[in-house]
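Asks: this one's structure only:
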């Protein structure tokens, strides 16, 4: 997805005091700010942003993290000073069990660049439009599972996105049982990354729960992908999906191509790139549509006008209102709560000195909720993204797919899938909130909920 065209205003944010170093949120206990953060996760982050500005430090027990919390800090960290704040260090060590240390989601330098350049043509907007039939087929198959009654659309949206991700990456070579096992294993491993960030800063003798299950789920991923590689190599048919692209990047004779481990790591990276952001945004979009009947009817009328039964949609821009709903959901409920980096060398962030080795987290959530960049940022308003809107008031204040050279490679697929999923679902189903089951946001590795997002589904009259 291309970011909406907005005025290139970069100085309309709160001035940052720079005397005395980065402002630190210390808290009132030996665990630092952890207590306040756990009591009111998102509220605490927004309060700290209002109080300290676009750069502050959070102390949690023996560790601390610098947070980039507005558009200025985000663009400086991820674009202008991208060579200082790199994808390495303890924050990325926690990702190695899932992605390895040299995949597109966990590496820098020539290796990352070569992998990205190879995969990029397969996920450009025109190439993704050509996948519309495949995306539509996966979506239709999962939508058939819906039944009237109470439904956790957060979990169901995850099934939609995982089905599409597996179809795009692996084509039709993953059967139903493998789909269930692989999806559950990846989902659990992604959720463990945030715990790994904290554990990396604690003494080794402190026990961390879930380690045994993590090893078991990683073994499921390893065994399944190794089997898929073996099957395709033996058949001689690599396929026209992303997995086939990775197989073509092998070069056994020279030893310079991808190894089996590399193919495994890149496959998982591509799955996650096409999964988390989309699933989260679909679920919260449905929640907002259920709360606003007039908005739901607008999305439905648009779907009826542009979608014939059984026909895919190659251009999600044709569903302009639906697309704006999806974009606003990614603003208000961004899946990527944190974009972690490490100060490779001594540097500076918005005038504050940053020591080498400092873990730094850019928070798209705080950037998206900055009142200096957005009018009434806590209100769900898709019209922010209507052509001619004056929002956001800062150039890089909308970043659901990140910023800079590491911007998510799956952004065009996410826009196609998310827009089409919303349109198809409201064409067939009515949505209504369930009293007493209001969703509660929760911070994990990504945006999640404490008990899902429950809606009442009934067939459209």
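Replies: Happy to help now that I have it. What you see is a predicted model, and the numbers here were worked out from it, not measured in a lab.
Asks: how would you label residue 436: helix, strand or coil?
Replies: coil (DSSP: H, G, I helix; E, B strand; the rest coil).
Asks: Contacts only, for it.
Replies: Residue 436 sits next to no residue when contact means Cβ atoms under 8 Å, 6 or more residues apart in numbering. All C-beta spots, glycine's among them, are computed from the backbone N, C-alpha and C.
Asks: where does it land on pLDDT?
Replies: For residue 436, the pLDDT comes out at 92.
Asks: before we move on, what about the one 3 residues further on?
Replies: The predicted local confidence for residue 439 comes out at a pLDDT of 93.
Asks: what about this structure, any weak spots by pLDDT?
Replies: Where the chain drops to pLDDT under 70, the residues are 1-20, 172-174, 194-210, 251-256, 274, 309-316, 445.
Asks: Which helix runs longest in it?
Replies: If you go by DSSP state H, the chain has its longest helix at helix 211-235.
Asks: SS state for the closest residue to residue 170 other than its chain neighbours?
Replies: With Cβ to Cβ, 6 or more residues apart in numbering as the criterion, residue 170 has its nearest non-adjacent residue at 5.0 Å, and that residue is residue 243. What three-state DSSP gives for residue 243 is helix.
Asks: Isn't residue 243 up against residue 168?
Replies: No - using Cβ atoms under 8 Å, residue 243 is not in contact with residue 168; the gap is 9.4 Å.
Asks: ok, and the closest non-adjacent residue to the most centrally placed residue in the chain?
Replies: When Cα atoms, centre = their mean is applied to the chain, the residue found nearest the centroid is residue 277 (3.4 Å). The shortest distance from residue 277 to any residue other than its chain neighbours is 4.3 Å, reached at residue 335 (Cβ to Cβ, 6+ apart).
Asks: same thing with residue 431?
Replies: residue 290 is the one closest to residue 431 (Cβ to Cβ, 6+ apart), at 3.9 Å.
Asks: cool, and residue 452?
Replies: Nearest to residue 452 is residue 152, by Cβ to Cβ, 6+ apart, at 3.8 Å.
Asks: Does that neighbour have any beta-bridge partners, and if so which?
Replies: Assessed by DSSP bridges, residue 152 has beta-bridge partners residue 454.
Asks: residue ranges for the helices of the stretch 351-461 of the chain, please.
Replies: Assigned by DSSP state H, counting those that start in this stretch, the helices in the stretch 351-461 of the chain fall at 364-368, 411-428.
Asks: Out of these, flag the one nearest residue 446.
Replies: Ranking those by proximity to residue 446 (Cβ to Cβ) places helix 364-368 first, at 10.4 Å.
Asks: contacting residues around the closest one?
Replies: Helix 364-368 has contacts (Cβ under 8 Å, 6+ apart) with 42, 45-46, 49, 67-71, 74, 331-332, 334, 336-337, 339, 373-374, 377, 396-400, 402, 447.
Asks: likewise stretch 146-156?
Replies: The contact list for stretch 146-156, computed with Cβ under 8 Å, 6+ apart, reads 142, 145, 279, 282-283, 286-287, 425, 428-429, 434, 439, 448-449, 452-459.
Asks: and if you look at stretch 295-307?
Replies: For stretch 295-307, contacts defined as Cβ under 8 Å, 6+ apart pick out 288-290, 313, 318-322, 325, 382, 422-424, 426-427, 431, 460.
Asks: Okay, buried residues for that stretch please.
Replies: Neighbour-count burial for stretch 295-307 flags 295, 296, 298, 299, 300, 302, 303, 307 (criterion: 16 or more other Cβ atoms under 10 Å).
Asks: now for the helices of the stretch 351-461 of the chain, which one comes closest to residue 258?
Replies: Minimum separation from residue 258 across the helices of the stretch 351-461 of the chain (Cβ to Cβ) falls at helix 411-428, 21.6 Å.
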